Every structure is written in structure tokens, then in C-alpha cells.
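Colleague: heads up, no residue letters with this:
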Ligand SMILES: [Fe+2]
């Protein structure tokens, strides 16, 4: 009489099926009596023998592209907690722990955008916002972000979930924002200086853009001209003694939601029409075209690009132009809608932090004759802030 476990594996033409019923399937999120199907190239690609995976670096050595197209399992047997497979690929033998297979079963997978089995502690739920956030912007104390890891974690999570927060009490010292960026993650350099000065001082700093004037700055994201714009932007107020110049911010995720609800065709058009942005300095000239609403494969917003000042003349077939400008203006009016905008004054020693992939920032005009206004900016990549969340959660 055959043992019960000999019925666990079935070899098919292009895959094998495994009955995971004995593995306390509930624990790994499977239904009882689950039959998990594993395709041969997937299994071969995930062989963890020392020929295929480096034992120290835990990185794949096997070249996935070299897996034969005619790959088949010659034999597959359960022995103890292991599934042993012998392939028609030069007689290669693979062993898979059954619990690992259960944890990596994709038979019930609905995942597309998060194409991973990793339970990622850095994943969070974003909260979209409008003017109602004005009195509730997450605010942190600079010294505590150095002294208390739980505060630093909350700060990074606020960037992730709201895309806007304020830090009070930073030393009003030149270069401090660069040190702060290194405390959180690492500085993202661009063709602007590693540390970018913003103040109305024609002649002293090269006035590359309207930020270096005293004019109003409409809400915008920085550097949409990069294929990968800097993800996090930090504005450090070394001094703010001018009248005017209040900071503004708009949640692009909220605006995109509104456009999608009000005019789905306009949303789709802006998600599928590239727009050209250009930014230059004496160090470089970066030009790229991407949709204003750059979506992931799941249709979720990945990057909101909006910069009146950096947008280049639109080059589209003539019969597309009218519809594009209609959609573009609708988006722009939602950006400008008072119910979508928060406005607040920042003072010497304050830092405003935004998720530049989502949140637009701006400022009111100011009168430079009434006092100095000098900011220093530094950027980080959003991925590095998520990385910091993972590392803080490990400690
Ligand atoms: Fe800006």
C-alpha cells in the first residue's frame, strides 16, 4: 500500500501540482487541501543549491535566461519535509523545503503591482488630504529626531502616508539640511547643487528659476524633467523675516482622485500622454517626456508631475491638442482649488518635508525689502526613506 504522501505530487506537462494539505496550510494563508501549481521554469529558477544560489550573498548565480525551453521534471518525490526534483536539464537536482513552497505558492495570487512574496513592513496606506489638513500637519521636533528612533520612524511614516510634514527647531546653520538628510537616508544629487539655495539675490546665486525671485510660486513638483524625480524634498528656513512668502502644499493624489471621479477620460488622457519638461543649470541640462499622471501597472498613481515653469511646448498630433489642453487645464484648476490647498507660515529653523512624487509645493509672493528669506533645499530618494523605515523596524 502506498503511503499517503506519495499522492502529494503530480507531474504535468509544464508544471507540477503539490497537495499542501499536510502543511497546516492556514498558517501560510492557503485554504485547506490546497493544490499548489508550480511551473517548471519557476521551480528551476528558484533552486537554492549552491550551484544556483551563492550561499553567502544569497543572490542568484543561475542565469534565468539559460533555463532550457524544453525543461521538464524527470522525477519529483517527497522525502520528509522536502520535495526533490530531478530535471532534464543536465540531470540537475533541486530540493525545496515544503514550507518554503507553501509560503511561495502563487496559485491563489491576485498580486500584480506588488510582484513579491516579501511581507514588506515599509508598505503603508496613504491618506489623501485637502485644506482640512491645515491644522493637523504632522510636526516633529528636530532634536527628538536624533534622540528618539521612534520619532524618526514616525517622521518617515508621515512622509510615506501624508507626503507632508514639518520639523521645528533645526539649527539655522548653513549645510544643516544636508546633515539632516544623511541622518535620515542619503542625499539625492541633481544638476542643482547637492545643497540648493533659494533666496532673492540676483547676481549672488544663479537665478535658474522663479524660485529665486520674489514672485508667487504656484504649486508644483520639483524636477519632473527627470525620469526618476527626487522623491523627498526638504526645505530648511535659515531665515524668514520677510512679509509674505507663506508656504503652500497640495496633495496630488487627492487631485488625481478628483479628476478621475469627475472626468475619467481626462484622467486617462493625462495618464497616457507624455509631456516634456526641461531644467538646466550651469552643471547640466535634463530633458524628458513623461505623463503628468504616471501610473503603475495597477493603475495607481506613482508620480504626479506638475510644473508650469518647466513645461515645454506640447507636441501632439493636431487632432489631440484640444482634448489635451482641456484635460490639462482641468487638472491645473483642481491643483489651484482653495479646498485642495494648505497654506502656512514657516519660520527660521523650520523644515518642510514633502513627498515630491505626490505633493506639490509653492509659496506666496513676498517683499524682500521687509527682511531676509533664505532657504536651503536637499533631496532624498523615496526608496531610501522606505529603506530607513525597514531598518528602524528591525532595531
Ligand atoms: Fe520647487
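Modeller: Received the coordinates, thanks. Keep in mind that this is a model prediction, so the values were computed, not measured.
Colleague: strands of the stretch 201-350 of the chain, start to end?
Modeller: Listed in chain order, the strands of the stretch 201-350 of the chain (DSSP state E, counting those that start in this stretch) span residues 217-220, 232-240, 243-244, 247-251, 274-281, 284-291, 293-295, 301-304, 341-344.
Colleague: residue 167: what secondary structure?
Modeller: Assigned by DSSP: H, G, I helix; E, B strand; the rest coil, the conformation of residue 167 is strand.
Colleague: and the pLDDT at it?
Modeller: Predicted confidence (pLDDT) for residue 167: 98.
Colleague: show me what contacts it?
Modeller: By Cβ atoms under 8 Å, 6 or more residues apart in numbering, the contact list for residue 167 reads 139, 140, 141, 142, 145, 155, 180, 350, 351, 353. Any C-beta I mention is one placed from the backbone N, CA and C, and that applies to glycine too.
Colleague: mind checking which of those residues are in strands?
Modeller: Among those, the residues falling in strands (DSSP state E) are 139, 140, 141, 351, 353.
Colleague: which among those residues end up buried?
Modeller: 140, 351, 353 (16 or more other Cβ atoms under 10 Å).
Colleague: give me the phi and psi for residue 359.
Modeller: Main-chain torsions, residue 359, degrees, to the nearest 10: phi -100, psi 130.
Colleague: now it: closest residue in space that isn't a chain neighbour?
Modeller: residue 163 (4.0 Å; Cβ to Cβ, 6 or more residues apart in numbering).
Colleague: I'd assumed residue 253 was in contact with that neighbour.
Modeller: Yes: if you go by Cβ atoms under 8 Å, residue 163 and residue 253 touch, sitting 7.5 Å apart.
Colleague: which residues are in contact with each of the two?
Modeller: 126, 358.
Colleague: these two: which is more packed in?
Modeller: residue 163 (27 against 21; other Cβ atoms under 10 Å).
Colleague: can you pull the contacts of that one?
Modeller: 126, 251, 253, 354, 355, 358, 359.
Colleague: looking at the residues you listed, which one is closest to residue 242?
Modeller: residue 354 (21.1 Å; Cβ to Cβ).
Colleague: run a quick neighbour tally on the closest one.
Modeller: For residue 354, using other Cβ under 10 Å, the count is 24.
Colleague: over to residue 143?
Modeller: 13.
Colleague: quick one: mean pLDDT over stretch 323-337.
Modeller: Mean predicted confidence for stretch 323-337 is 98.
Colleague: chain neighbours aside, what residue packs nearest to residue 83?
Modeller: Closest to residue 83 by Cβ to Cβ, 6+ apart is residue 96, at 4.6 Å.
Colleague: residue contacts, the one you found?
Modeller: Contacts of residue 96 by Cβ under 8 Å, 6+ apart are 43, 46, 47, 48, 82, 83, 85.
Colleague: list just the nearest of the contacts of residue 167 to residue 193.
Modeller: Nearest member of those to residue 193, counting by Cβ to Cβ, is residue 180, at 16.1 Å.
Colleague: how many residues are close by that closest one?
Modeller: Neighbours of residue 180 (other Cβ under 10 Å): 22.
Colleague: also the one 5 residues further on?
Modeller: A count of nearby residues for residue 185, using other Cβ under 10 Å, gives 21.
Colleague: touching, it and residue 382? I think so.
Modeller: No: contact between residue 185 and residue 382 fails when scored by Cβ under 8 Å: they sit 9.3 Å apart.
Colleague: so what sits against both of those two?
Modeller: residue 232.
Colleague: in this structure residue 82 contacts residue 99, no?
Modeller: No: using Cβ under 8 Å, residue 82 is not in contact with residue 99; the gap is 10.0 Å.
Colleague: any idea how far residue 14 is from the closest residue in space to residue 71 that isn't next to it in sequence?
Modeller: Distances taken as Cβ to Cβ, 6+ apart place residue 40 nearest to residue 71, at 4.7 Å, with adjacent residues excluded. As judged by Cβ to Cβ, to the nearest Å, residue 40 and residue 14 stand 6 Å apart.
Colleague: which of the two has more residues huddled nearby?
Modeller: A count of neighbours by other Cβ under 10 Å puts residue 40 above the other of residue 40 and residue 14, at 23 against 10.
Colleague: on that earlier part again, tell me the one of the contacts of residue 163 nearest residue 301?
Modeller: residue 253 (5.7 Å).
Colleague: that closest one is in contact with residue 128, isn't it?
Modeller: Yes: Residue 253 lies in contact with residue 128 (Cβ under 8 Å); the separation is 4.7 Å.
Colleague: pLDDT weak spots in this protein?
Modeller: 1-7, 22-33, 109-115, 201-209 (pLDDT under 70).
Colleague: all helices of it, in order?
Modeller: 40-45, 98-103, 142-147, 149-161, 176-184, 252-262, 264-272, 318-336, 382-394 (DSSP state H).
Colleague: could you pull out the buried residues of the fifth one?
Modeller: Neighbour counts over helix 176-184 (16+ other Cβ under 10 Å) mark 176, 177, 178, 180, 181, 184 as buried.
Colleague: which other helices and strands does it contact?
Modeller: helix 142-147, helix 149-161, strand 232-240, strand 373-380 (3 or more Cβ pairs under 8 Å, 6 or more residues apart in numbering; DSSP states H and E).
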